[in-house]
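Undergrad: Fold the following and give me the result.
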Amino acid sequence: MEEVIVTSGDDLLSIFRRNYRHLRVHIIRNTCLELNEMTILKSNNAILEIIGEGEGDDRPIISCNAHSIFKVLGRRPTLSIKNIKLVHSCVNAPPDVGACIFGLYLSKIVLEDCSLESCCGFGLWFVQQASADIKNCCITSTNRSGIASFGQAQVNIFNTLIHDCKIHAVCARGDTKINLNNCELKKSGNRAIYAYHRVELNLDSCQIHLTTNKDYFAIDLWSCDDRVPMVALEEKRLRNASSEFIPKVTSEHFVEDRISILKFTMVNTTVTANSGCFCRIREGNNNKVLQRIENCKIFGNLNDDIVYSNQEVAPNPVESIAEYCWKYEVDDNHSNWKKYDKNDNNLIESMYQDFLKDVSSAHRFQLQYPHDRYEINLHDMTQTNLNSHFMRIIKRENT
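TA: The predicted model follows:
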């Protein structure tokens, strides 16, 4: 193991770039280190430990204005940070992206006695099979969610405060597993917890309070279908090369439906004083939410009951163009949004028929979900996410 002591003015990036198997970096108190590039840890089984001296305001600060401060990927590399303040800024990074720490593949993240803030993206972002142990930390002032865990990531969070997140405190999807023990989720912009697909979520002795948006549930659980289109690479190439190419869309473009079971356990937890309602559970015929709520205190929210609804389709796929629209527009300057109740089938059908008359020559329109906008092209039957510019084939049903 190699050990290094760092003070103000030292080139931290050059230290991180050394060829090492196990590097331990000690940063003395009252040290502020500014990085203008992201630190990438990708060597298989490599270990990077960063340990700060001091307490409270005397703790060292590492700030970075790149996509993320740390990006950890590869086969079982470990990033361990103790007693450090991480500040992720947006000077050289696009808005709404990145994180203080971005864990991918089989990476392992260990945080203890740290504080994290990101005016640009997530506090912590885990995808694929990343894993994390977070203890005695504070995640605050994030432009997106405090912790985002997708894919098959596994995250354990102990005695941690997550507050003042612009979107959600915790956002989870896929087959991820999250355990929160003795944590406080406070002042989330939308939801405190948003979990969908087949997430396993366990809360023990936590506090959830003071969400700020009355239109969102404090806890939102959605067991839903996350099938994805299987589009041949040749079709993608031809479609991008020629606007005249019209691909055949059949059931073979989609993975077969899978039964989704979302598991939710909440014990000894207080959910109170949220601007929105307590909890919503959405499930369908083949998709279920297995819940266990014991010894919890739930009071002072907009509504303290669990709201159940039957809704099987995930946020991203769009199967029936009319059924899952929240808004649509036909005006090129994006000013003619028309809202409607997506549960009113008669209203949807009448508005959709009006829409067909309006756009008989344009052959396209746009959808807007809570956080994304899509353009639907009726000529080649494609859906384009206007945020990520990712294009995919869609299906039409009864339209």
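Undergrad: Output the below-cut-off pLDDT ranges for the protein.
TA: 91-96, 225-258, 285, 311-383, 385-399 (pLDDT under 70).
Undergrad: how about 50 then?
TA: Within the chain, the stretches with pLDDT under 50 are 227-257, 312-337, 340, 342, 359-363, 370-371, 395-399.
Undergrad: Tell me the spacing between Val199 and Leu124.
TA: Val199 sits 16 Å away from Leu124, taking C-beta to C-beta, to the nearest Å as the criterion. (Glycine included, C-beta is placed from N, CA and C.)
Undergrad: which of the residues in stretch 214-225 are buried?
TA: Residues 216-225 are the ones in stretch 214-225 that count as buried (16 or more other C-beta atoms under 10 Å).
Undergrad: if you look at the residues you listed, which of them are in helices?
TA: Counting by DSSP state H, no part of those is found in helices.
Undergrad: ok, which pair from those residues is furthest apart?
TA: Pairwise distances across the buried residues of stretch 214-225 (C-beta to C-beta) peak at 24.7 Å, for the pair Ala218 and Asp225.
Undergrad: In contact with the nearest residue to Phe299 once chain neighbours are set aside, which residues are there?
TA: In space, and not counting its chain neighbours, Phe299 is closest to Thr272: 5.4 Å by C-beta to C-beta, 6 or more residues apart in numbering. Shown in contact with Thr272 (C-beta atoms under 8 Å, 6 or more residues apart in numbering): 207-209, 297-301.
Undergrad: at 10 Å what do you get?
TA: Contacts for Thr272 (C-beta atoms under 10 Å, 6 or more residues apart in numbering) come out as 207-210, 218, 278, 297-301, 304.
Undergrad: For the stretch 201-350 of the chain, just list every one of the strands.
TA: 207-209, 219-222, 260-267, 270-272, 279-283, 287-294, 297-299, 306-310, 327-329, 338-339 (DSSP state E, counting those that start in this stretch).
Undergrad: would you list those in CSV and tack on distance to Arg21?
TA: What follows is the strands of the stretch 201-350 of the chain, written out as CSV (distance: least, C-beta to C-beta, whole Å):
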stretch, distance to Arg21
strand 207-209, 41
strand 219-222, 42
strand 260-267, 38
strand 270-272, 45
strand 279-283, 46
strand 287-294, 43
strand 297-299, 49
strand 306-310, 50
strand 327-329, 53
strand 338-339, 57
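Undergrad: so which of these is the most packed in?
TA: Comparing the strands of the stretch 201-350 of the chain by mean neighbour count (mean count of other C-beta atoms under 10 Å), strand 219-222 comes out on top with a mean of 25.
Undergrad: what's that one packed up against?
TA: Judged by 3 or more C-beta pairs under 10 Å, 6 or more residues apart in numbering; DSSP states H and E, strand 219-222 is in contact with strand 170-174, strand 193-197, strand 200-204, strand 260-267, strand 279-283, strand 287-294, strand 306-310.
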